[in-house]
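>>> Generate a structure from the sequence data that follows.
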Amino acid sequence: MSETSSPGSDSQFDPAHHRVFLVVVDDSDEMRIALRFAALRAKNSGGRVALFRDIEPADFHHWAGIGELMEDEAREAAEKRLNELASEVVEISNQIPALYVRSGPIVRELMALIDEEPEISILVLAASTGKEGPGPLVSYLAGKGANTIRIPVTIVPGNLSHEQIDALT
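Predicted coordinates:
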């Protein structure tokens, strides 16, 4: 398990006085809905955004060097993706987000991050619009995980337009 974090360079940031909206970054379309919602909520409430990307460990035990190379490439791709999205967050909220990259099963790593970072105060997820259901994290946190998480979870419908998100925030 490894982690990269970058809380931003704003020396006036005091976590005790700011809400931090955590967004789980994946490759889904609805993640962009959660990102916009969180960035606008942060802007309108004097809060900040944190972006979390999980890397599933490479299951390549036959040749350790290849597995390590695959994990390094996945980490680089995750960091690149987070930096791209961080630009969007800055554009919307005028705040530099915290960035977290962790490696391991996503539910375990997400719950550990929330427990380890007391400034994270709200988890923002968007529900999938697909036939498979709202998505594995939303399903877990609305079910078994509801009593294990220490912060509120905001689930944003994944089919909202920019205008609808703007009106809600």
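
>>> For the closest residue to residue 45 other than its chain neighbours, give its distance to residue 121.
Nearest residue to residue 45 in three dimensions, chain neighbours excluded: residue 19, at 5.7 Å (CB to CB, 6 or more residues apart in numbering). In this view, the C-beta of every residue, glycine as well, is placed from N, C-alpha and C. Residue 19 sits 5 Å away from residue 121, going by CB to CB, to the nearest Å.

>>> Mind listing the shared neighbours of these two?
Common neighbours of residue 19 and residue 121 are listed as residue 47 (criterion: CB atoms under 8 Å, 6 or more residues apart in numbering).

>>> Give me the distance from the helix or strand containing residue 39 to the chain's centre.
Residue 39 belongs to helix 30-45 when assigned by DSSP states H and E. Helix 30-45 sits 11 Å away from the centroid of its parent chain (CA atoms, centre = their mean, to the nearest Å).

>>> So which elements touch that helix?
On a contact count with 3 or more CB pairs under 8 Å, 6 or more residues apart in numbering; DSSP states H and E, helix 30-45 meets strand 20-24, strand 48-55, helix 64-93, strand 120-127, strand 153-157, helix 162-168.

>>> tell me which residues in that helix are buried?
Neighbour counts over helix 30-45 (16 or more other CB atoms under 10 Å) mark 30-43 as buried.

>>> how near is residue 79 to residue 98?
13 Å.

>>> Ignore what I typed, I meant residue 51.
Taken as CB to CB, the span from residue 51 to residue 98 is 7 Å.

>>> same question, residue 141
For residue 141, the distance to residue 98 equals 20 Å [CB to CB].

>>> Please apply the same query to residue 20.
Noted for residue 20: a distance of 7 Å to residue 98, by CB to CB.

>>> anything in contact with each of those two?
48-50.

>>> Derive a PyMOL selection command for the buried subset of those residues.
Remark: buried members of the shared contacts of residue 20 and residue 98, expressed as a PyMOL selection using 16+ other CB under 10 Å:
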select buried, resi 48+49+50
